[in-house]
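Q: predicted model, plus sequence, below.
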Amino acid sequence: MAAHHLVLFDIDGTLLRSEGAGVAAMLRAFATIHGDRGFSFAGLEIAGALDGVLFDRIMTQHGLPAHDEAHREFQRTYHEELDRTLTPDRVRRMPGAAELAHALAARGAATGLLTGNYEHTAFVKIRAAGIDRTLFPFGAYGTDGSLRRQLTPVAMARAAAHHGRSFAAERVTVIGDTPLDVDCAKAHGCRSIGVATGPFPIDTLRSAGADLAVDSLADTDGLMRWILG
Ligand SMILES: [Mg+2]
C-alpha cells in the first residue's frame, strides 16, 4: 500500500538547481552584515552540507561570533537576498523530480523534504522553480542537526505527526544527489535513490551504497514501481 511509504526529497541537485544563486546570496548576506571580508566557501564541501553548519564554519573562519542572534540575523538577511535575486530564470527544475513527487502523492504516499537548506529559503527555491510546495508539507532542514544523518529521524517524526501514522524504516526512501544523502538513509535502515543530476556521477553514488542509482528521475513509472513495489 502506497500509504505506508514515505519519500524524502533533497532540494539542491535533486529537485532543482539554482546554479550558484543560493551560494552567492549567502555570501552577500555575510558581507551585508559584516562588511566585505572576502567571504568564500573555498575549501568547504557545499554539496549535501547543512546551512547552519556552513554558517558556523564561515563565522569561525573569520573570527566572528556565531551565537544564536547572529545566526538569526544571517538567516533573515540571506532570506531577503535570495528572495530578491532568485528569479525563476535562475532556477532549473531537474527532469522528472517534481513529477515523481506528484505521482507519489497522488497514490497516497507521504512526501516531504530532507534538505540542508534553512526552511524558509528551501521554499524560496521551490517557489522560484515553480514546484508546488504543498507536495512537501513537512521536512527536516539545515538547523535540525549538525550532521546530515541526524535529519532522517527528524523528518520521519514530522511525517508521523503530519500523517498521524508512523513509517517503518524499510518503507522510507531518501532521494538525493550526494553520498551524504545516501548515508542519511543507510544510517537509519532506510532505502536510498542516488540521482546524478548534482555534482556526483552515478558510479560515486553507487559506491556510496545507493540502493538505486539513476542518471535522472525522468522515469516516473519505473521509479514508482521501485519505491512502492
Ligand atoms: Mg543536494
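A: It's in.

Q: quick one, domains of the chain?
A: 2-17+92-228, 21-88 (automatic domain parsing).

Q: mind putting those into TSV with mean pLDDT and mean neighbour count?
A: All C-beta atoms are positioned from the backbone trio N, CA, C, and that covers glycine. Formatted as TSV, the domains of the chain follow (pLDDT from 0 to 100; neighbours: other CB atoms under 10 Å):
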stretch	mean pLDDT	mean neighbour count
domain 2-17+92-228	97	20
domain 21-88	94	16
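
Q: which of those sits closest to the ion?
A: Between the ion and those, the tightest spacing by CB to the ion is seen for domain 2-17+92-228, at 3.8 Å.

Q: wait, a strand at residue 46?
A: No - Residue 46 is assigned coil when assessed by DSSP: H, G, I helix; E, B strand; the rest coil, not a strand.

Q: please, which helix or strand holds the nearest residue to it once chain neighbours are set aside?
A: Distances taken as CB to CB, 6 or more residues apart in numbering put residue 23 closest to residue 46, at 6.6 Å, once the chain neighbours are dropped. Assigned by DSSP states H and E, residue 23 falls within helix 21-34.

Q: which secondary structure elements does the biggest helix by length in the chain sit against?
A: Across the chain, the longest stretch assigned as helix under DSSP state H is helix 68-85. The helices and strands touching helix 68-85, judged by 3 or more CB pairs under 8 Å, 6 or more residues apart in numbering; DSSP states H and E, are helix 21-34, helix 51-61, helix 119-128.

Q: CSV for the ones you listed, including distance to the ion?
A: Listed next are the helices and strands packed on helix 68-85 as CSV, based on distance: least, CB to the ion, whole Å:
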stretch, distance to the ion
helix 21-34, 11
helix 51-61, 12
helix 119-128, 11
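
Q: show me what the helix or strand residue 173 falls within is packed up against.
A: Assigned by DSSP H and E, residue 173 falls within strand 172-176. Judged by 3+ CB pairs under 8 Å, 6+ apart, strand 172-176 is in contact with strand 6-9, helix 151-163, helix 179-186, strand 191-195.
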